[in-house]
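Trainee: A predicted structure for the sequence below; I have some questions about it.
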Amino acid sequence: MKSMRYVITGASRGIGYEFVQQLLERGDIVDAGVRTEEGRRRLESLKHDCAGRLRIHALDVADEASVRDFADEVLREPVDVLINNAGVPGLWCALTDVDYADVVRTFAVNALGPLRVTSALLPGLLRGRSRKVAYVTSRMGSLSSNSDGGAYAYRMSKVALNMGVRNLSNDLRAQGIVPVLLHPGWVRTDMGGPDAPLPPRDSVRGMLNVIDELRAEHSGRFFDYQGAEVPW
Ligand code: NDP
């Protein structure tokens, strides 16, 4: 099969870095967004042996101008698959300690960032061969799975993301775009922490399988990394 062109946000470490690694391993082309120079340097090491299939771009998903510059670079060619992965944990505090500025920052990255990136890259997706857009969300943003409270910023930002993706599914259906929400599992990254049971490799392998199998009827749905439907 001809290689596809993937765009990934938050590629400097964790799940995003692993997406880049696995896609390069299987021969695909990757445009990776990184927020800092340190992130760029980390990703540079993957450039060896991939024959120019990795391009690294500056991207802060919470910054309008940065997303515009990113889109200018990426839109030189069609985009086959977009993976909105960038995210922040926010402060995990109880009701009395909620830092409202932190909640706003967390929303800006987790909820508004993916929307902004999708909107900016839409012309590229419409020229692409698959029109799939994956959003890395979390079961923490599932209303029916929440039985323990806390983590206001993170939970509320992911719920907002989930609604945004359901909306995109309705708005973009006529254009054949398939947006889908993915829960990666509890993954051993900076965000997931050292006790998380799942190595990034297994989570990403599972999510890539789900993305590979996506069809029009999956638009706007919420799956975990093993392809099981997650309750809203
Ligand atoms: P990490 O904290 O390890 O990595 C987060 C990534 O997002 C980094 O590359 C970081 O870049 C990037 N990022 C943060 N803010 C921005 C921004 N404003 N613009 C662009 N990039 C940004 O997290 P994970 O890899 O674990 O998480 C990836 C996704 O998976 C997130 O959306 C998260 O919510 C979700 N998730 C993770 C779970 C887990 O158990 N790990 C569970 C459920 C969901 P930088 O290095 O520059 O900070």
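Mentor: Sure thing, it's come through. Residues are numbered from 1 along each chain as shown.

Trainee: tell me which residue of this protein is furthest from the middle?
Mentor: The outermost residue of the chain, judged against the average C-alpha position, is residue 96 (30.7 Å), by CA atoms, centre = their mean.

Trainee: secondary structure class for it?
Mentor: helix (DSSP: H, G, I helix; E, B strand; the rest coil).

Trainee: residue ranges in the protein under the pLDDT threshold?
Mentor: The model of the chain has pLDDT under 70 over residues 1.

Trainee: so what's the residue farthest from the centre of the chain up against?
Mentor: Residue 96 sits next to no residue when contact means CB atoms under 8 Å, 6 or more residues apart in numbering. For glycine as for every other residue, the C-beta is placed from the backbone atoms N, C-alpha and C.

Trainee: against residue 152, how distant is it?
Mentor: 11 Å (CB to CB, to the nearest Å).

Trainee: find residues that contact each of the two.
Mentor: Joint contacts of residue 96 and residue 152 (CB under 8 Å, 6+ apart) do not exist.

Trainee: need phi/psi at residue 62.
Mentor: Main-chain torsions, residue 62, degrees, to the nearest 10: phi -90, psi 0.

Trainee: you'd agree it is up against residue 104?
Mentor: No: counting by CB atoms under 8 Å, residue 62 sits too far from residue 104 to count as a contact (10.2 Å).

Trainee: send me the lengthiest helix in the chain as PDB with only the CA atoms.
Mentor: When the chain is parsed with DSSP state H, its longest helix is helix 152-172. The C-alpha trace of helix 152-172 is given here as PDB (Å, rounded to 0.1, in the frame of the first residue of the first chain):
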ATOM      1  CA  TYR A 152     -11.700  19.500  37.300                       C
ATOM      2  CA  ALA A 153      -9.600  21.100  34.700                       C
ATOM      3  CA  TYR A 154      -8.700  17.900  32.900                       C
ATOM      4  CA  ARG A 155     -12.100  16.200  33.100                       C
ATOM      5  CA  MET A 156     -14.000  19.300  32.000                       C
ATOM      6  CA  SER A 157     -11.600  20.100  29.100                       C
ATOM      7  CA  LYS A 158     -11.900  16.500  27.800                       C
ATOM      8  CA  VAL A 159     -15.700  16.600  28.000                       C
ATOM      9  CA  ALA A 160     -15.600  19.800  26.000                       C
ATOM     10  CA  LEU A 161     -13.300  18.200  23.500                       C
ATOM     11  CA  ASN A 162     -15.700  15.200  23.200                       C
ATOM     12  CA  MET A 163     -18.600  17.500  22.400                       C
ATOM     13  CA  GLY A 164     -16.500  19.400  19.900                       C
ATOM     14  CA  VAL A 165     -15.700  16.200  18.100                       C
ATOM     15  CA  ARG A 166     -19.300  15.100  18.000                       C
ATOM     16  CA  ASN A 167     -20.100  18.500  16.600                       C
ATOM     17  CA  LEU A 168     -17.400  18.200  13.900                       C
ATOM     18  CA  SER A 169     -18.700  14.800  13.000                       C
ATOM     19  CA  ASN A 170     -22.100  16.400  12.200                       C
ATOM     20  CA  ASP A 171     -20.700  19.500  10.500                       C
ATOM     21  CA  LEU A 172     -18.100  17.600   8.300                       C
END
